[in-house]
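Peer 1: build the 3D model from these lines:
(chains A and B)
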There are 2 protein chains.
Amino acid sequence: MQQVQAKRPQVVIVGAGFGGLFAARALRRADVDISIVDQHNYHLFQPLLYQVATAGLAPSDIAWPIRSILRRQKNATVLLDRVLEVTLVENVVVTAKQRIPFDYLLLATGARHAYFGHGDWEQHAPGLKSIDDATSIRRQVLMAFERAEMSSDASEREQLLNFVIVGAGPTGVELAGAIAELARRTLAADFRRIDSRSARVILIEAGPRVLPAFPDKLSDYALQALGKLGVEVRLGQAVSLCDADGVIVQDERIPSATVLWAAGVAASPAGRWLDADTDRAGRVLVNGDLSVRNHPHIFVIGDAAAVKDSNGKPVPGIAPAAKQQGRYVAGVIRARLTGTAKPPDFRYRHAGNLATIGRKSAVIDFPFMQLSGFFAWWVWGIAHIYFLIGVRSPLTVAINWLWQYATFGRGARLITGKQPQE
Amino acid sequence: MQQVQAKRPQVVIVGAGFGGLFAARALRRADVDISIVDQHNYHLFQPLLYQVATAGLAPSDIAWPIRSILRRQKNATVLLDRVLEVTLVENVVVTAKQRIPFDYLLLATGARHAYFGHGDWEQHAPGLKSIDDATSIRRQVLMAFERAEMSSDASEREQLLNFVIVGAGPTGVELAGAIAELARRTLAADFRRIDSRSARVILIEAGPRVLPAFPDKLSDYALQALGKLGVEVRLGQAVSLCDADGVIVQDERIPSATVLWAAGVAASPAGRWLDADTDRAGRVLVNGDLSVRNHPHIFVIGDAAAVKDSNGKPVPGIAPAAKQQGRYVAGVIRARLTGTAKPPDFRYRHAGNLATIGRKSAVIDFPFMQLSGFFAWWVWGIAHIYFLIGVRSPLTVAINWLWQYATFGRGARLITGKQPQE
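Peer 2: Sure, this is the predicted structure:
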């Protein structure tokens, strides 16, 4: 598959999230030229997107320019561009602006939202996958309080002060907890005509538990912590309709001006580009070394791939998994370049699953123990900062986040954007 | 003019910039109810807008929610709304959402850009007055480098790497210096196909000097400092045309994809609302106590007013002037409420005029002395932080800004917004 040419092997990486970025970094001493393509100019720390969406952190606290991160890596070129297709017979990636030939291709394009066949719900129930999603939701949430302050209609105020979150995985739980805190504490003294503390935060989950991927004990703890924040949790109930006025759940109409979708993800179109086999969520089925069947020089990782652990279980779509896979693929490529033995199949080392509930409480599912409560929240913070080593100076990030926490990140509560006032 | 009613006198303040905000704060112990109306939910520290526009600071570093600033001031209600007109016979402010009766009205609505009759230039040469202006310019400036990196056309690259700033007052000088530094230092290692240091930054001024409101000596210093940053300064030259391809100056076509307007301001429509006499720039002509002729209970201050100093000179449209006027009007209102003697006419105390050139150099025109160079830059920083007392804890701001300075504010270099890629 390698084209015989005088110049160095060309590695093209699509997506500068955890998978793509750590693959590029792991190839920094390899004798290759790397082109890393992303539709945004920044690397995004997704686990904290919900903080931007709930006005606790600013975008610049959780995203950093890819060029900045890779500035010293001379074998890496960053391209701000959008991939349209992959021409397999020629080994070329076709983007909006150019054609990029490759010897090795790594697709790390992540996931989008899935609405289970109800694509028309998306306009009423936005998801949270990008900075622009987050600032848009932030605007919607803050404007709901502003509009309620100005409204003289009781039923309109009720609708504005109902917040509905669909899906009780980590994202949904974190959004619900953070909005409840915003309403009950952060904004409590800001308004004169409404009492922000009277807002209802309703978390709807079709399954029997919140945080279904966590052990029962942590799941129960999270449910209690949500209750203490005044979040109404509906378990075993599915949304049957979502429109401009709110949702319908079990034949009950809940009026709401802010419905947020955290209920399902589907892979990015990587599988379509490759015309490869995918699972039901669009994730590309890959070999043990994360390459695509019949295309040993093409790899797919992270949320875009259906990766199975050595015991057959699917690897979770979380950041540490993507990071491990990115580094693994870099190792496979390096082995091929130097002609050393093929590495063993990818094995996922479960580092832990984490979720926060508000500013003071978290649950952590480590392989060796489980943590909950305020102590877990600090461990969560340290784990995230540690996780960023290689992206940003951990000390820089630690100081910045602690600062935002201590000062309640008030600057993050800006309503920006050119939309006319609702 | 005061309506006789059982409840407390109603003071309505339109605009939560320096004038309106400090007027509200100065009335915090007065026996009045204050409604402060602003079309944005944040108070903006305008002197540093150019930093957001040139990706040195994030919006949340220079803007803070008005509700947050006034949360403890129980006699103040914040309304996010847009004023449409003022009904003088009924003493009512009409907004998009409601009618607000007043006993005293203070208009502190600031200024917009003026294009000297060439309104069609605005779409090609944006100005810098709001957060959204700043993030839009930031996107345009950063995207110019990104597009140049991807371009295979030499004349397109030239156009993309030419940056034109029109008007060499403080805003224009600061923008030019900051963009030059971005190109020559901050982004220098980020690109592989272009050399960002080859960008041209061209500052065009119709008058004979940069910083015309400053003494000659500081003006000369600023000109030299700009030269050291590689800014090309054209003095005594006016832009005769501005379009999608760039500008025409003295019959010379300068191709550019980024033309920024810092050449003229005009007052907000306050004068139109009041059907009052205004000067040529739309600023309302006011009495010695800053009230409007024939309407002693209506005041206009800041950039929206044509205020004359006691020696007949116009008071400059800078932040300290607005702050002094806001406090002054609060004093006038307090005197009327308590029946004490009418205060003397407003007197402007010139605190100093400041401008920076890049990250290491500034000029300061104090009444008693002039400063230039790196020392001036530190004084400038301290002066700004001091100036914010009453808005935000100065220590908080100091630490935050120093932090951004030390870490080169990399997080501020995000390209956000849903525009399709240019």
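Peer 1: now the strands: where do they sit in the stretch 101-250 of chain A?
Peer 2: In the stretch 101-250 of chain A, the segments counted as strands under DSSP state E, counting those that start in this stretch are A:104-107, A:111-113, A:162-166, A:200-205, A:231-235, A:239-243, A:246-249.
Peer 1: and the residue of the stretch 251-400 of chain A closest to chain B?
Peer 2: A:T396 (5.9 Å; C-beta to the nearest C-beta). From N, CA and C alone the C-beta is placed, and that goes for glycine too.
Peer 1: so that residue: helix, strand or coil?
Peer 2: Of the three states, A:T396 takes helix under DSSP: H, G, I helix; E, B strand; the rest coil.
Peer 1: deepest of the strands of the stretch 101-250 of chain A, which one?
Peer 2: Scoring these by mean neighbour count under mean count of other C-beta atoms under 10 Å in any protein chain shown gives strand A:104-107 as the most buried, with a mean of 28.
Peer 1: just checking, what packs against that strand?
Peer 2: strand A:10-14, helix A:18-26, helix A:270-274, strand A:295-300, helix A:319-338 (3 or more C-beta pairs under 8 Å, 6 or more residues apart in numbering or on different chains; DSSP states H and E).
Peer 1: worst average pLDDT in the strands of the stretch 101-250 of chain A?
Peer 2: Of all those, the minimum mean pLDDT falls on strand A:111-113 (a mean of 86).
Peer 1: partners of it, with directions?
Peer 2: strand A:265-267 (antiparallel) (DSSP bridges).
Peer 1: neighbouring contacts of the partner strand?
Peer 2: Residues outside strand A:265-267 that contact it (C-beta atoms under 8 Å, 6 or more residues apart in numbering or on different chains): A:109-114, A:278, A:281-284, A:303-305, A:317.
Peer 1: try it again with 7 Å
Peer 2: A:111-114, A:281-283, A:303-304, A:317 (C-beta atoms under 7 Å, 6 or more residues apart in numbering or on different chains).
Peer 1: avg pLDDT for it?
Peer 2: Taken as a whole, strand A:265-267 has an average pLDDT of 84.
Peer 1: likewise stretch A:174-192?
Peer 2: Averaged across stretch A:174-192, the pLDDT comes to 92.
Peer 1: ends of it, what's the gap?
Peer 2: For stretch A:174-192, the first and last residues are 28 Å from each other (C-alpha to C-alpha, to the nearest Å).
Peer 1: quick one: the helices in the stretch 301-422 of chain A?
Peer 2: A:319-338, A:374-387, A:394-406 (DSSP state H, counting those that start in this stretch).
Peer 1: could I get the ones you listed as TSV with mean neighbour count?
Peer 2: Output for the helices of the stretch 301-422 of chain A, formatted as TSV (neighbours: other C-beta atoms under 10 Å in any protein chain shown):
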stretch	mean neighbour count
helix A:319-338	21
helix A:374-387	17
helix A:394-406	16
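Peer 1: give me the element the residue nearest to A:Q404 when sequence neighbours are not counted is part of.
Peer 2: Leaving out its chain neighbours, the residue that sits closest to A:Q404 by C-beta to C-beta, 6 or more residues apart in numbering or on different chains is A:L57, at 5.6 Å. For A:L57, there is no host helix or strand (DSSP states H and E).
Peer 1: where does the stretch 1-150 of chain A dip in pLDDT?
Peer 2: Within the stretch 1-150 of chain A, the segments meeting pLDDT under 70 span A:1-6.
Peer 1: all helices for it, in order.
Peer 2: A:18-26, A:49-53, A:59-62, A:66-69, A:131-150.
Peer 1: want to throw those into TSV with mean neighbour count?
Peer 2: Below are the helices of the stretch 1-150 of chain A laid out as TSV (neighbours: other C-beta under 10 Å):
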stretch	mean neighbour count
helix A:18-26	26
helix A:49-53	25
helix A:59-62	24
helix A:66-69	24
helix A:131-150	21
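Peer 1: closest one to A:N400 among the ones you listed?
Peer 2: Among the helices of the stretch 1-150 of chain A, the nearest to A:N400 by C-beta to C-beta is helix A:59-62 (6.0 Å).
Peer 1: and that closest one, what other elements does it pack with?
Peer 2: Packing partners of helix A:59-62 (3 or more C-beta pairs under 7 Å, 6 or more residues apart in numbering or on different chains; DSSP states H and E): helix A:49-53, helix A:394-406.
Peer 1: follow-up on the earlier one: how about the helices of the stretch 1-150 of chain A in CSV, adding distance to A:Y221?
Peer 2: CSV is the format used below for the helices of the stretch 1-150 of chain A (distance: least, C-beta to C-beta, whole Å):
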stretch, distance to A:Y221
helix A:18-26, 27
helix A:49-53, 19
helix A:59-62, 26
helix A:66-69, 36
helix A:131-150, 26
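Peer 1: out of these, which gets nearest to B:Q370?
Peer 2: B:Q370 lies closest to helix A:59-62 among the helices of the stretch 1-150 of chain A, at 35.3 Å (C-beta to C-beta).
Peer 1: rewinding a little: which stretch in the helices and strands packed on helix A:59-62 has the least confidence?
Peer 2: Looking at these, the bottom one is helix A:394-406 with a mean of 73.
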